[in-house]
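K.L.:
can't give you the sequence, but here's the structure:
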DNA sequence: TCATTAAATTGTT
DNA sequence: AACAATTTAATGA
């Protein structure tokens, strides 16, 4: 199991902080184990923390009154989320649920604000982070209107392997086809066909319980091609 | 270390 | 949604 320090050292902004701020972070960040299907945060609850995914996989989603689930993002290890809500001092507008056993780092909002006040590089990180999310959202709105399952899966994978948002991101993240289905909003059967189709194109390789992207650029081209 | 079994994941209908 | 086939992980000799 990873430690707080291990996560922090692989976080791009942490080593850039002053010694004093680093100590503050060390003292105030807490780790939380989340069981599969467990909540990291629920819609309507006040936000106390900025969250970082240490291990596992978190799904950010909302369940409408009719029970329809919409997924906004899948967050692999290395992802931080919730800055928007924390910044507004607002309540969560969405649920964050663990797709499998996960470990989440909680950075109290008071400290989050202090980092914003005192570190320019930290501001920069958050700004780029938000910017990248915006880009992802735009891509998602597009892919949402596409009926082609392979394109939806491709977009979903591109989001997960985004090296800007998830610098830890390797080209291989353990991800079952069922989980991809939850994240991209299509059935596992269609995911199965889609990933194999893309594997045949040499864009990725699938094996038991994992998908490895072998050609990130090719996958980008595939996702943005005009049919 | 190897064989057996259970659980998880995949492939098909 | 259900089923069979396959892969992995766990167990114990």
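P.N.:
Now that the structure is in, tell me what you want to look at. Values in this document were obtained by computation on a predicted structure and should not be read as measured data.

K.L.:
can you give me the strands in chain A?
P.N.:
A:30-34, A:39-41, A:49-63, A:69-75, A:80-81, A:95-108, A:172-174, A:204-207, A:210-213 (DSSP state E).

K.L.:
now what about the first one, what contacts it?
P.N.:
Read it as strand A:30-34. A:4, A:40, A:54, A:56, A:58, A:98, A:101-106 (C-beta atoms under 8 Å, 6 or more residues apart in numbering). Every residue, glycine included, has its C-beta placed from N, CA and C.

K.L.:
now that strand and strand A:95-108, what's the angle there?
P.N.:
Going by axes from the mean of the first three to the mean of the last three C-alpha atoms, to 10 degrees, strand A:30-34 is angled at 160 degrees with respect to strand A:95-108.

K.L.:
how many neighbours does the residue lying closest to residue A:201 once chain neighbours are set aside have?
P.N.:
Distances taken as C-beta to C-beta, 6 or more residues apart in numbering place residue A:222 nearest to residue A:201, at 7.0 Å, with adjacent residues excluded. Using other C-beta atoms under 10 Å, the number of residues around residue A:222 comes to 19.

K.L.:
Next: residue A:182.
P.N.:
Neighbours of residue A:182 (other C-beta under 10 Å): 20.

K.L.:
my read: it touches residue A:57, true?
P.N.:
No: counting by C-beta atoms under 8 Å, residue A:182 does not reach residue A:57; the two are 9.6 Å apart.

K.L.:
Now list whatever residues contact both of these two.
P.N.:
A:74, A:99.

K.L.:
Any stretches of chain A with poor pLDDT?
P.N.:
Along chain A, the model assigns pLDDT under 70 to residues A:1-4, A:6, A:169, A:226-227.

K.L.:
Go again with 80.
P.N.:
Filtered on pLDDT under 80, chain A yields the residue ranges A:1-10, A:64-69, A:144-147, A:167-171, A:225-227.

K.L.:
Spell out which parts of it neighbour DNA strand C.
P.N.:
Within chain A, the positions adjacent to DNA strand C are A:187, A:189, A:207-209 by C-beta under 7 Å from any atom of the strand.

K.L.:
interface residues of chain A facing DNA strand B?
P.N.:
So far as C-beta under 7 Å from any atom of the strand goes, chain A lies against DNA strand B at A:176-178, A:188-189, A:192, A:195-196, A:206, A:208-210.

K.L.:
In ChimeraX, select just the buried ones from those residues.
P.N.:
Buried subset of the residues of chain A next to DNA strand B, written as a ChimeraX selection, criterion 16 or more other C-beta atoms under 10 Å:
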select /A:176,177,192,195,206
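
K.L.:
buried stuff in stretch A:148-156?
P.N.:
Quick answer for stretch A:148-156 (16+ other C-beta under 10 Å): A:149-156.
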